[in-house]
Each structure stands twice: as structure tokens, then as C-alpha cells.
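>>> my questions are about this predicted structure, shown below with the sequence.
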Amino acid sequence: MKRSTFTKIIIYVLISLLGLIMLYPLIWMIFAALKPSPEVLSSPDLLPSQFRFDNFAAGWKLVRPYTFGKFFMNTFFVVISCVVCSLVISLFVGYAFARVNFRFKSFWFSVLFLTIMLPATTTLVSRYVVFSKIGWLNTYLPFIIPAALGVGNGGGFFIYLVAQFIKGIPKELDEAAKIDGCSTFSIIVRIIFPLCKPSLFSVAIFAFMWNWDDFQNQLIYLTKVDLYTVALAMRTTIDATGADNWGAVMAMALCSVLPAIVMFFCLQKYFVDGVSTSGLKG
């Protein structure tokens, strides 16, 4: 066996072991969702003594009088709205930074970087006061409107990601389109948008996962149970019945992470292409 082949085998084995360690919490949660409730925290065994598939049915109805179906619908409405808004604002503002020359462009690009580096917790109180004054509490507007304005979860990063990708697209395409009579809007929609799909897929994945897991903002702005997202509903199950029915709680925890996992694996190819190529453009 050649030395290079042996080295590759060692590397692959180490990577596989590291991947298994990283995935172990998810594997444990899958089997915990199928255990009888007393075994979830007391038994050191990974496999359950008996498989309890009824944990999913019991967990679906943990938060009375609602089912988790309502909470999933609420979450999908918020997340999909934020993803669409993030995609639109990132594409148009990213194009402006990449292609349009306007006054104080460098200054506004620096401001964009500041929004990326500024921790969200520093504006938490001020945003709550503003949204409270204008009557947006117990609505989904505190999540959707900031995303539409590019100041929501990851807004500055999304704009920067798309702008860097657009800089790598030849300007000759824009000039040829202008000669053919295309407006700026037509250029963005017909030329830039199709070529930017890898970076936009990356934005969609990041926006979906970050908004899906945004427990802090949802906890602050939503207090009505009928508006709860999955994250808030999970907290309610732990507070109310978690000590008595851990199997059902873990079953719903597994269901709550599945959409993000499925989306990532379905769009993984585009995600890698978008992130890797965006960092090389400039």
C-alpha cells in the first residue's frame, strides 16, 4: 500500500470519527424520542428498551388546546416571509453596492460592515421600545419588516454576500443588456438574478435557519399562545409537562429540527458554491 493511500485512509477515518462525534447529540435525540419517558434521562443506554412511536402522537398535543400543527404553520409563515424579504433586499441592495456608483458609497458600505459586527443584543431594548410604541407586539411585524429593510437576522451579511458575488459577474453583460434596451430592473431580474442563484441559495439557507432558531426575539415579542412558534411551544412543553413526559418532548424536539436539516441537505450543493465563490470575488 502506498504511503499516500495509507495517509488518506487515516484522514478519512479521523474525519468520520469527528463527524460521528458532531452528530451524536442528534443521534441521541432520535433514540430518546422513541424511548419510554422514564428512560430518557435515567438510562445510559442509547437504544430504548422498547420503541414508543406513540411519543409523537402524545407530543403533538402537549400544548392544549392547540396542536403542534398550528405552531409549525406559524413558524413557516414567519420564516418564509423573512426568507423572501431577505432574498429581495439582498439582491437589489447588493446590486447597488456592486454596480452603482453613488455618493458616499464607501461610507454606507462601512455602515453595512458595522451592522454585521454589531451584536444584536445591543439594540434589543431600543427595538422593543420602538415596536411597543407603534403597536407591533404580539404580531409578526417585528420579524418581517426588519428583514424587508435588511436589518433583520443576518441582513447586513446577506447583502455583503450577494454584493461580493455580483462583483464577479462581468460588467459586459450589463452593458450588452443596456444596449438592447433593458432597464436596471430588467437587468437585475433577467441577468443578475439567474447568475446569482448560488449566493441566493446560501442566503435562503442562512435566513431560514437563523429565523427558525430565533428563540430570543420570539420570546420577547410574542406572548399570545395562538401566535407561538415551534421554539416557544417547545419551551412551553418543558415548563408544563416536560418532567412527566420527556419522550413526547424529545419527539417534538426532533420534529422541530427536521425542517432545517432537510433544507440544508437539499440545498447543500448550492450553499457550498455560493459561500466559496462569494469569498473570492472582489
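Received it, and whenever you're ready, just let me know what you need.
>>> gap between the nearest residue to F264 once chain neighbours are set aside and V151?
Nearest non-adjacent residue to F264, counting by Cβ to Cβ, 6 or more residues apart in numbering: I205, 6.0 Å away. Backbone N, C-alpha and C define where each C-beta goes, glycine included. I205 sits 20 Å away from V151, taking Cβ to Cβ, to the nearest Å as the criterion.
>>> right, and V162 touches C196 too?
Yes: between V162 and C196 there is a contact under Cβ atoms under 8 Å: 6.3 Å.
>>> okay, and the common contacts of these two?
Common contacts of V162 and C196, defined by Cβ atoms under 8 Å, 6 or more residues apart in numbering, comprise L91.
>>> these two: which is more packed in?
Neighbour tally, V162 and C196, criterion other Cβ atoms under 10 Å: the higher count belongs to V162, 29 against 25.
>>> quick one: low-confidence ranges for the stretch 151-282 of the chain?
Low-confidence segments of the stretch 151-282 of the chain (pLDDT under 70): 239-243, 271-282.
>>> mind listing the helices for it?
With DSSP state H, counting those that start in this stretch applied, the stretch 151-282 of the chain shows helices at 155-167, 171-179, 184-187, 193-195, 197-212, 215-221, 230-240, 246-266, 268-278, listed in chain order.
>>> one step back: I205 and V151: who's more crowded?
Shown here are I205 and V151; by other Cβ under 10 Å, I205 has more neighbours (21 against 15).
>>> pull up the gap between the more buried one and M234, please.
When distance is defined by Cβ to Cβ, I205 is 22 Å away from M234.
>>> cool, and L118?
Noted for L118: a distance of 29 Å to M234, by Cβ to Cβ.
>>> who's more crowded, the two?
Set L118 next to M234 and count neighbours by other Cβ under 10 Å: M234 wins out with 23 against 11.
>>> my read: the residue nearest to F264 touches I261, true?
No: taking Cβ under 8 Å as the contact criterion, I205 and I261 are not neighbours in contact, 11.3 Å apart.
>>> contacting residues for M209?
Residues in contact with M209, defined by Cβ under 8 Å, 6+ apart, are 260, 263-264.
>>> over to L195?
With the criterion set at Cβ under 8 Å, 6+ apart, L195 makes contact with 169, 173.
>>> likewise K35?
Applying Cβ under 8 Å, 6+ apart, one finds that K35 lies in contact with 43, 48-49, 52, 55, 247, 250.
>>> okay, who's weakest in those residues by pLDDT?
When these are compared on pLDDT, S43 comes out least confident, at 77.
>>> do you know how far it is from Q50?
Distance, S43 to Q50, by Cβ to Cβ: 12 Å.
>>> the residue nearest the centre of the chain and F264, how far apart?
Nearest to the geometric centre of the chain sits M209, at 1.7 Å (Cα atoms, centre = their mean). Distance, M209 to F264, using Cβ to Cβ: 7 Å.
>>> what's the answer for I187, then?
31 Å.
>>> more neighbours: which of the two?
I187 (20 against 13).
>>> you'd agree that one is up against A176?
No: at 9.8 Å, I187 does not count as touching A176 under the criterion of Cβ under 8 Å.
>>> for the stretch 1-150 of the chain, what are the low-confidence residue spans?
Within the stretch 1-150 of the chain, the segments meeting pLDDT under 70 span 1-3.
>>> all helices for it, in order.
Ranges of helices in the stretch 1-150 of the chain, per DSSP H, counting those that start in this stretch, are 3-32, 37-42, 54-60, 68-99, 105-117, 124-133, 141-148.
>>> nearest to I169, of the ones you listed?
Nearest to I169 among the helices of the stretch 1-150 of the chain is helix 68-99; the distance by Cβ to Cβ comes to 8.2 Å.
>>> now for that closest one, which elements pack on it?
helix 54-60, helix 105-117, helix 141-148, helix 155-167, helix 197-212, helix 230-240, helix 246-266 (3 or more Cβ pairs under 8 Å, 6 or more residues apart in numbering; DSSP states H and E).
>>> now do it against helix 105-117, angle only.
Relative orientation of helix 68-99 with respect to helix 105-117: 150 degrees, computed using axes from the mean of the first three to the mean of the last three Cα atoms, to 10 degrees.
>>> great, nothing more from me.
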